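*Asks:* the sequence and its predicted three-dimensional model are supplied below.
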Amino acid sequence: MSQIDIGAVEQAVLCVYNQTIDVGTRQDAQRFLDQFKSTEHSWKRACDMFAASFHAEVKFWCLQVLQELLQYRYLLLSPEDSFHLREVLSSWLVEQSTARSPPPPFILNKLAQLYAIMAGHEYPERWESPVTALLARLQAEPSLGLVMAFIRVLEALDDEVISRDVARAPAQAGASMRVKDALREQCMPAVA
């Protein structure tokens with residue numbers, strides 16, 4: 001499956017989300033998508049598909065591919081790939097939130113969730129300013145879309161990284177404390 005046609009992947013995604021298609025066909029499409037996700041660098045292809053597709057279902061599926069990468073295979077990313085993914089997510093969050101015709105809220109929520117998960121992995125060591133950079137962008141170009149993106153990111157940071165209401169493994173608890181401490185130190189002066 002080295003040369004996968006992105007058009008075929010997009011059609012498979014649309015098939016999986018279409019409840020009017022018979023179950024067997026949807027299961028075949030899901031197997032094809034699982035096979036695609038297991039290929040090396042499938043996340044990069046998912047990034048390309050997200051940028052190119054006009055279908056919200058395809059965009060959401062691409063974001064799910066990235067979520068699986070961040071949750072289960074993040075440590076396998078090279079520093080260059082991690083930087084690339086961080087830049088892509090930052091760019092998409094701003095672009096999608098400020099688009100003339102913004103995508104559905106579930107896309108914007110998933111983008112904020114991915115941004116927060118990435119910040120949980122990299123802030124403050126490898127990503128010095130995920131929150132303050134977004135705040136600076138909001139101050140430079142105030143818009144309802146960026147305000148909503150900022151709120152979504154803060155909520156996602158709480159849900160995915162910070163909240164004490166969620167049981168976390170020791171490594172995740174350590175990351176939570178690291179992020180909270182860095183946010184206190186860096187962000188409190190910026191918002192005061």
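*Replies:* Received it, and whenever you're ready, just let me know what you need.
*Asks:* what's the burial count for residue 140?
*Replies:* As a burial measure, residue 140 scores 8 neighbours (other CB atoms under 10 Å). Where you see a C-beta, it was placed from the backbone N, CA and C, and this is true even at glycine.
*Asks:* likewise for residue 171?
*Replies:* Count around residue 171 with other CB under 10 Å applied: 8.
*Asks:* from residue 172, how far off is the residue nearest to residue 106 when sequence neighbours are not counted?
*Replies:* Leaving aside its sequence neighbours, residue 106 sits nearest to residue 60 (CB to CB, 6 or more residues apart in numbering; 6.3 Å). Residue 60 sits 25 Å away from residue 172, going by CB to CB, to the nearest Å.
*Asks:* who has more neighbours, these two?
*Replies:* residue 60 (19 against 14).
*Asks:* can you pull the buried residues of the helix or strand hosting the more buried one?
*Replies:* Applying DSSP states H and E as the criterion places residue 60 in helix 56-72. Using 16 or more other CB atoms under 10 Å as the test for burial, helix 56-72 gives 57-66, 69-70.
*Asks:* mind listing what residue 84 touches?
*Replies:* Neighbour list for residue 84: empty [criterion: CB atoms under 8 Å, 6 or more residues apart in numbering].
*Asks:* just the pLDDT for it.
*Replies:* Listed pLDDT for residue 84 reads 97.
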